[in-house]
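Chemist: compute the structure for the input listed below.
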Amino acid sequence: MTTIEVIFYALNEAICVEIFGVADIGGSITIHTFGAYFGLSVALFYSSKQAINDKNGLGIPNYLSNLIAMVGTLFLFVFWPSFNAALG
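Modeler: Residues are numbered from 1 along each chain as shown. The predicted structure follows:
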């Protein structure tokens with residue numbers, strides 16, 4: 001999966017920068033956007049019935065995993081402008 005991801009990311013970055021002319025100074029917009037959409041598509045295509053019918057309860061979120069996801073989302077939301085403006 002990693003090999004496919006690297007190939008598609010290189011293609012995505014070439015299209016964004018060369019064809020669309022996106023001014024992405026640090027490269028963080030293309031990598032985060034690509035990672036989000038690639039992760040969603042992989043999760044969509046690789047959701048097997050074994051993962052859906054999890055008998056051990058390993059895929060069930062708990063309070064700590066939800067808290068870590070929320071803190072990570074807020075951290076990225078608050079500091080996103082500084083990520084993009086670091087090299088500008």
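
Chemist: sec struct for the most far-flung residue of the chain relative to its centre, please.
Modeler: Within the chain, the residue lying farthest from the chain centre (CA atoms, centre = their mean) is residue 55, at 27.9 Å. With DSSP: H, G, I helix; E, B strand; the rest coil as the basis, residue 55 sits in coil.

Chemist: can you list contacts of the helix or strand hosting residue 77?
Modeler: Element membership for residue 77, per DSSP states H and E: helix 63-85. By CB atoms under 8 Å, 6 or more residues apart in numbering, the list of residues contacting helix 63-85 from outside reads 25-26, 28-29. Heads up, the C-betas are built off the backbone N, CA and C, glycines and all.

Chemist: using PDB, list the CA coordinates for that helix.
Modeler: Taking Å, rounded to 0.1, in the frame of the first residue of the first chain, the C-alpha atoms of helix 63-85 are listed here in PDB:
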ATOM      1  CA  TYR A  63     -12.900   7.700  25.700                       C
ATOM      2  CA  LEU A  64      -9.100   8.000  25.400                       C
ATOM      3  CA  SER A  65      -9.000   7.400  21.600                       C
ATOM      4  CA  ASN A  66     -11.800   9.900  21.100                       C
ATOM      5  CA  LEU A  67      -9.900  12.400  23.300                       C
ATOM      6  CA  ILE A  68      -6.600  12.000  21.400                       C
ATOM      7  CA  ALA A  69      -8.400  12.400  18.100                       C
ATOM      8  CA  MET A  70     -10.100  15.600  19.300                       C
ATOM      9  CA  VAL A  71      -6.900  17.100  20.700                       C
ATOM     10  CA  GLY A  72      -5.000  16.300  17.400                       C
ATOM     11  CA  THR A  73      -7.800  17.900  15.300                       C
ATOM     12  CA  LEU A  74      -7.800  21.000  17.500                       C
ATOM     13  CA  PHE A  75      -4.000  21.200  17.400                       C
ATOM     14  CA  LEU A  76      -4.000  21.000  13.600                       C
ATOM     15  CA  PHE A  77      -6.800  23.500  13.300                       C
ATOM     16  CA  VAL A  78      -5.100  26.100  15.500                       C
ATOM     17  CA  PHE A  79      -1.600  25.700  14.100                       C
ATOM     18  CA  TRP A  80      -2.400  25.200  10.400                       C
ATOM     19  CA  PRO A  81      -1.600  28.800   9.400                       C
ATOM     20  CA  SER A  82       1.800  28.600  11.000                       C
ATOM     21  CA  PHE A  83       2.600  25.300   9.200                       C
ATOM     22  CA  ASN A  84       1.900  27.000   5.900                       C
ATOM     23  CA  ALA A  85       3.600  30.300   6.600                       C
END
